[in-house]
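Trainee: mind looking at a prediction? Sequence and model below.
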Amino acid sequence: MNDDELELTLRRYKGVDPPSSLRARVVTARDPLRVPLTRLDWVLAAAALLLTAGAALTDPDLSDTAVNEVQAAWEMSVEELAATMGGGDEALAYAQMVVPRPELTPQAEEE
Amino acid sequence: MGTAEPLAAWYDEHGPRLYRYALLLLANREAAQDAVHEAFVRLGTALARRPPPEVSFGYLAVIVRNECYSALRRRKRRAEDPAPIVEPISPQASEEERLIVDAALKALSTEQREVVYLKVFEGLTFQEISDRCGISINTAGSRYRYAAEALRRTLSGSGR
């Protein structure tokens, strides 16, 4: 059996069609765990994050660890937004643009 | 306008083809339905924000493919689904041959089965397979060759 004969054999078949119930399922596709958020929601969330970061920055005992935690929180917000949009580079770039990046300077660097 | 109408339109146009793609990848009906459903959930979520610029089959296929591989990563082993993944469309096909083709396809690795599906059933070129799967043309070609050899062995061994 050569390649052509193999393909000829395989082309006598096709993938099985979906059950009719799948259409109704996807047409009302909703993820109950995912609350639809607007851009405003994300901006407000980012503002809350920045307030937290700002409070942390006024703390004279601010450590590198605290800075890293705020940075990590920002990254999580970005990743969550990107994932909600379906993932991918374009979504990630958009999320990075929408969620303001906190400007963090560890105490050690100010001294 | 809600999200149901465009989702219905996209499903009517691309849904069955997306499901067949997912089924060939996952070789499991329930998992394939979950993957297509999850892809439309993502689409519905994106639609609630703003309409995606273009919803082509290729766009949806990438989302479904991501869902399939995510599902495979989450569940290393899923109970084997004895239901067929292919059905006859030619009068030359026979039930005996279908069983053999079905088993031979299921015996391939996911990656090999995907390349066979895209090349034979979707008619994609190796360049297009390379783009879809994010692999080199050489890798697409070698995956197909190994898969074809395995399929030939099975089909020839059965006297075909």
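Mentor: Noted; the coordinates are in hand.
Trainee: lowest average confidence across helices and strands of chain B, where is it?
Mentor: Ranking every helix and strand in chain B by mean pLDDT, DSSP states H and E puts helix B:29-49 at the bottom, with a mean of 88.
Trainee: quick one: that one to chain centroid distance?
Mentor: 15 Å (C-alpha atoms, centre = their mean, to the nearest Å).
Trainee: C-terminal to it, what's the next element?
Mentor: Where DSSP states H and E defines the elements, the next helix or strand beyond helix B:29-49 is helix B:57-74.
Trainee: which elements pack onto the host helix or strand of residue B:155?
Mentor: If you go by DSSP H and E, residue B:155 is part of helix B:137-157. Helix B:137-157 sits against helix A:3-10, helix B:95-107, helix B:110-116, helix B:126-133, with contacts defined as 3 or more C-beta pairs under 8 Å, 6 or more residues apart in numbering or on different chains; DSSP states H and E. For every residue, glycine as well, the C-beta is placed using N, CA and C.
Trainee: so which of those helices is the most packed in?
Mentor: Across the helices and strands packed on helix B:137-157, averaging neighbours per residue (mean count of other C-beta atoms under 10 Å in any protein chain shown) puts helix B:110-116 on top, at a mean of 21.
Trainee: now what about it, what contacts it?
Mentor: Helix B:110-116 is contacted by residues A:10, B:24-27, B:72, B:105-106, B:108, B:129, B:133, B:140, B:143-144, B:146-148, B:150-151 when judged by C-beta atoms under 8 Å, 6 or more residues apart in numbering or on different chains.
Trainee: narrow those to those that are buried.
Mentor: Buried subset of the contacts of helix B:110-116 (neighbour count, 16 or more other C-beta atoms under 10 Å in any protein chain shown): A:10, B:24-27, B:72, B:105-106, B:108, B:129, B:133, B:140, B:143-144, B:147-148, B:150-151.
Trainee: now name the helix or strand holding the closest residue to chain A within chain B.
Mentor: The minimum distance from chain B to chain A, using C-beta to the nearest C-beta, falls at residue B:20 (2.9 Å). Assigned by DSSP H and E, residue B:20 belongs to helix B:4-26.
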